[in-house]
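*Asks:* just to be clear, the model below is a prediction. Sequence and coordinates:
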Amino acid sequence: MKGFHFSLNLGLIGTDDSRIDIILDYLKEKTELTKSKDSKSEFQFIYENVPLKMKIFQFTHFEDLSDDIKNLKKLDAIIVAVNLYNDQVMSNLNFNSYKNFCDKFNFNGIAVLVGTDPYLIEQTNPPVSRSINEFVLIQKTKEIKFHYCSKIQNPQKDIADIFKKVLNYVILRLEFTNPEMFDRAKKNSKDFAGRYL
């Protein structure tokens, strides 16, 4: 049982201007990066005494997931990041594309919509006013039937909160689906090489 862990797969969706790189940077700082190639990264860490290996698959749009995850058994969570100054990306995000994705891949994990403010993150003055406010973000989350929405203004705090929500959801499901294995994994977490998140 030494080194036993749970694996989870996370889809990270967003255009370059949505700054999904800060999410990966956060994980690189707080956990152990074990693999990185093209748009795939793997991290290992311990969360709530549960040893986890998380594979992250990066995409620009829902439609891009089709080719790359055919060989995956499942995705456990998706995070869709949108730049709060780019209303075009927000308008392209719709329920039908999410539903098609869910139907095609039997996705029933947690889905999170994240608004990023790159100017606040970089502490620079924006050239234009923000086109997406909190109300629009909440409305879009309801419209596409995601579980949760958040805003990244302070990367350390906000990304930690996002992962807390995602990982609590995933861990609850792991515990519910296989309680005996879940308990054994927690007991053996000290044998797992990984930092606590």
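*Replies:* Good, I have the coordinates. Given the structure is predicted, the values throughout are model-derived calculations rather than measurements.

*Asks:* name the residues that touch the helix or strand containing E42?
*Replies:* Taking DSSP states H and E as the definition, E42 sits inside strand 40-47. With contact meaning CB atoms under 8 Å, 6 or more residues apart in numbering, strand 40-47 is reached by 5, 24, 27-28, 30-36, 51-58, 167, 171, 189, 192-197. To be clear about C-beta, it is placed using only N, CA and C from the backbone, and glycine gets the same treatment.

*Asks:* quick check on those residues: which are buried?
*Replies:* Neighbour counting by 16 or more other CB atoms under 10 Å classes 5, 24, 27, 30-31, 51-58, 167, 171, 189, 192, 194, 197 among the contacts of strand 40-47 as buried.

*Asks:* can you name the next helix or strand after the lowest-mean-pLDDT helix or strand in the chain?
*Replies:* When each helix and strand of the chain is scored by mean pLDDT, DSSP states H and E, helix 62-68 comes last, with a mean of 65. Remark: after helix 62-68, the chain's next helix or strand is strand 77-83, criterion DSSP H and E.

*Asks:* run the chain-centre distance for that following strand.
*Replies:* Put simply, strand 77-83 sits 7 Å off its chain's centre (CA atoms, centre = their mean, to the nearest Å).

*Asks:* what about the helix or strand where F176 lies, average pLDDT?
*Replies:* Per DSSP H and E, F176 falls inside helix 155-177. For helix 155-177, the mean per-residue pLDDT is 93.

*Asks:* following that helix, which helix or strand comes up?
*Replies:* helix 179-187.

*Asks:* please save the CA atoms from that following helix in CSV.
*Replies:* Output in CSV follows, covering the C-alpha atoms of helix 179-187 (Å, rounded to 0.1, in the frame of the first residue of the first chain):
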residue,chain,number,x,y,z
PRO,A,179,-15.1,4.5,1.8
GLU,A,180,-12.8,1.6,2.6
MET,A,181,-10.2,2.5,0.1
PHE,A,182,-10.5,6.2,1.0
ASP,A,183,-9.8,5.4,4.7
ARG,A,184,-6.8,3.2,3.8
ALA,A,185,-5.4,6.0,1.5
LYS,A,186,-5.7,8.5,4.4
LYS,A,187,-3.9,6.2,6.8
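
*Asks:* for that helix, buried residues please.
*Replies:* Across helix 179-187, burial judged by 16+ other CB under 10 Å covers F182, A185, K186.

*Asks:* now render the residues you listed as JSON lines, adding pLDDT and distance to V128.
*Replies:* As requested, the buried residues of helix 179-187 are arranged in JSON lines below (pLDDT from 0 to 100; distance: CB to CB, whole Å):
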{"residue": "F182", "pLDDT": "82", "distance to V128": "48"}
{"residue": "A185", "pLDDT": "79", "distance to V128": "48"}
{"residue": "K186", "pLDDT": "81", "distance to V128": "49"}
